[in-house]
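**Student:** Here is the input, now give the coordinates:
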Amino acid sequence: MRVAAGAIAKKYLAERYGVTIRGYLSQLGPIKVETIDWDVVETNPFFSPDADKVSEMEAYMDALRKEGNSVGAKITTIAQGCPPGWGEPIFDRIDADIAHAMMSINASKGVEIGAGFDAVAQKGTEHRDEITMAGFKQNQAGGTLGGMTSGQDIVVHTAFKPTSSMRIPGETINLDGEPVEVITKGRHDPCVGIRATPICEAMLAITLLDHALRHRGQNMDVTTELADIPAQTPQI
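**Tutor:** Purely as a prediction, here's the structure:
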C-alpha cells in the first residue's frame, strides 16, 4: 500500500511541481558505494548506483546466506526540484515529518538528513550552507532550513537493522522464565534493507505531497517562478 500510494504521489509531484524522487542503496553492511550512476540503479536487484560494487554485494550476500547470518543497510533517497517554503517552523517541520515517515518503515533504525551525524565532527565553517549571488555553496542541511524546504535537493539517509530472525542459535527465555535456545527455521532474510529503496521513495513522496497540499491551501494556490538553485549535488 505504501508503494502504491507513493507512486501516485510521485506522479502528482512530478507533473504539478516538477519534483523528482529517486533512491538507491548507499551501503550494504561494510560495502559502501563510491559512485552514483542513476542509469545503473534499476538494473540490479540491490538498487546499487555503483555497477562495480554489484558483484561484491552478490558474493557478500551469498556468504551471509550460507552462514545463516544477516546484515543491515543504508538507503539514500533524494527529492530534486522541491520549491522552497514547504513545511513549518515548529510542530510540522518538513524534516521531522520526513524522519517520522522513514521511521515508520519496518526495520528502520535511524534517519539522517543532509550531513546528519557527520555534522557532529564538522566545524560551523564547514557545515553552514553559505549563500552567494549564484546560490548556495553546498548542501550540508540536506534541503531543509528552519523546518522548511530550501529549494535544494532533499537528501535523506535511512538505516535498516539486520534481521534478528536467522538460523544461528540465540539465547532467550520461555514463558516460565527459563533460558532456552531459539533458532529461526524456514525463510531467512540476510538483509531486508535491499528491498527498501522503493518504500523509502514512496514515504518521501507521500510526505512531500502532504506538505505541498498544505502549502497550496495556505497560499491560495499562488505560485512563484524560481531560478535554479546550485549546490544540488546528491551526497552519498
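**Student:** C-alpha from now on. contacts and neighbour counts both.
**Tutor:** Noted.
**Student:** for this protein, longest helix please?
**Tutor:** helix 197-218 (DSSP state H).
**Student:** contact partners of that one?
**Tutor:** 2-7, 9-10, 12-13, 21-25, 47, 75-77, 79, 85-87, 94, 97-98, 101-102, 105, 158, 222 (C-alpha atoms under 8 Å, 6 or more residues apart in numbering).
**Student:** Is it possible to mark the buried ones in the residues you listed?
**Tutor:** For the contacts of helix 197-218, a neighbour count by 16 or more other C-alpha atoms under 10 Å gives the buried set as 3, 6-7, 9-10, 13, 21-25, 47, 75-77, 79, 85-87, 94, 97-98, 101-102, 105, 158.
**Student:** Could you tell me which of the residues you listed belong to strands?
**Tutor:** Counted as lying in strands by DSSP state E, out of the buried ones among the contacts of helix 197-218, are 21, 22, 23, 24, 25, 75, 76, 77, 79, 158.
**Student:** Pipe these into CSV and attach distance to residue 118 and pLDDT per row.
**Tutor:** Converted to CSV, these look like this (distance: C-alpha to C-alpha, whole Å; pLDDT from 0 to 100):
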residue, distance to residue 118, pLDDT
21, 23, 98
22, 22, 98
23, 20, 98
24, 20, 98
25, 19, 98
75, 16, 99
76, 15, 98
77, 17, 99
79, 20, 98
158, 14, 99
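**Student:** Including distance to residue 195, could these go into JSON lines?
**Tutor:** Output for these, formatted as JSON lines (distance: C-alpha to C-alpha, whole Å):
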{"residue": "21", "distance to residue 195": "17"}
{"residue": "22", "distance to residue 195": "14"}
{"residue": "23", "distance to residue 195": "11"}
{"residue": "24", "distance to residue 195": "10"}
{"residue": "25", "distance to residue 195": "9"}
{"residue": "75", "distance to residue 195": "10"}
{"residue": "76", "distance to residue 195": "13"}
{"residue": "77", "distance to residue 195": "13"}
{"residue": "79", "distance to residue 195": "19"}
{"residue": "158", "distance to residue 195": "13"}
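**Student:** right, and out of these, which lies closest to residue 145?
**Tutor:** When those are ranked by distance to residue 145 (C-alpha to C-alpha), residue 79 comes first, at 15.0 Å.
**Student:** Would you enumerate the residues in contact with the nearest residue to that closest one once chain neighbours are set aside?
**Tutor:** Leaving aside its chain neighbours, residue 79 sits nearest to residue 21 (4.4 Å; criterion: C-alpha to C-alpha, 6 or more residues apart in numbering). Residue 21 makes contact with 10, 77, 78, 79, 80, 201, 204, 205 under the criterion C-alpha under 8 Å, 6+ apart.
**Student:** isn't the first one right up against residue 17?
**Tutor:** No - using C-alpha atoms under 8 Å, residue 10 and residue 17 do not qualify as a contacting pair, with a distance of 10.2 Å.
**Student:** if we can go back for a sec, what's the distance between the residue nearest to residue 79 and residue 77?
**Tutor:** As judged by C-alpha to C-alpha, to the nearest Å, residue 21 and residue 77 stand 7 Å apart.
**Student:** Same check on residue 167?
**Tutor:** Distance, residue 167 to residue 77, by C-alpha to C-alpha: 32 Å.
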